[in-house]
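> Okay, structure incoming, though there's no sequence with it:
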């Protein structure tokens, strides 16, 4: 995998957003395989509302979000209303995230978040634009990476280090069962329990270990008054 962006493509572009789009999309098409089946992807036509890339073998769709520098705790995701609609849609794509260095034009971080990890809880609603703005009243959104379990962030490249293809494919397959859970509330519970397990940083844990998160889970799910039975139910599903 070559981490260099092809700067020879941008000689005719002056707009920074166009430069970024051309370089990053070209790199994905050249270097990135589908995390679901391992085959190469193809690009959609520009401005397709569903996604940027598709896999012709397993029919997974992918949308790319790239930024200069490190990918922080959140990334802009466009219209809040549209993002929430997409999460509930059958056509929602998986998301590629890229961090790159524009001084040397190389990719430093690249990972995919499978679409089955997207629930309303990971989308942050931003303040509406002021009355003086061109799009007065428009409400944007952010994707909160802190709300996504580590199991849902599958790295191809991390801090410039490449990940083996076999590891990427294996990690993707581990969470495919989440596709079967259609209800966002039910899926939200599963994802919260996964984060609790990850927070223990143990290979082996007990039920009592997970009960330590009872207060946190009660705050996340205030309408549920039977937290411990719910914890046991979700652990059975995960097992």
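Arrived safely. This structure is a prediction, so every number in the text was calculated from the model and none was measured. Residues are numbered from 1 along each chain as shown.

> ok, which stretches of the protein are helices?
For the chain, the helices defined by DSSP state H cover 16-31, 80-87, 165-174, 184-200, 207-211, 214-220, 227-238.

> Run through who's touching the fourth one.
For helix 184-200, contacts defined as Cβ atoms under 8 Å, 6 or more residues apart in numbering pick out 87-88, 116-117, 119-121, 148-152, 178, 181, 205, 209-210, 213, 216-217, 220-221, 230-231, 234-235, 237-238. Any C-beta I mention is one placed from the backbone N, CA and C, and that applies to glycine too.

> Now do it: distance to the chain's middle.
Remark: helix 184-200 is offset 15 Å from the chain centroid, using Cα atoms, centre = their mean, to the nearest Å.

> Ok, stretch 231-239 next?
24 Å.

> where's the residue lying closest to residue 68 once chain neighbours are set aside relative to residue 126, distance?
Excluding its sequence neighbours, the residue lying closest to residue 68 (Cβ to Cβ, 6 or more residues apart in numbering) is residue 102, at 5.0 Å. As judged by Cβ to Cβ, to the nearest Å, residue 102 and residue 126 stand 25 Å apart.

> Can you flag the buried ones in the contacts of helix 184-200?
87, 116-117, 119, 121, 148-149, 151-152, 178, 181, 210, 213, 217, 220, 230-231, 234-235 (16 or more other Cβ atoms under 10 Å).

> Now do the end-to-end distance for stretch 212-224.
17 Å (Cα to Cα, to the nearest Å).

> I misspoke; the intended subject was stretch 222-230.
Using Cα to Cα, first and last residues of stretch 222-230 are 13 Å apart.

> I figured residue 84 hits residue 120, correct?
Yes. Here residue 84 reaches residue 120: they are 6.0 Å apart, a contact under Cβ atoms under 8 Å.

> quick one: residue 7 from residue 58, how far?
Residue 7 sits 32 Å away from residue 58, going by Cβ to Cβ.
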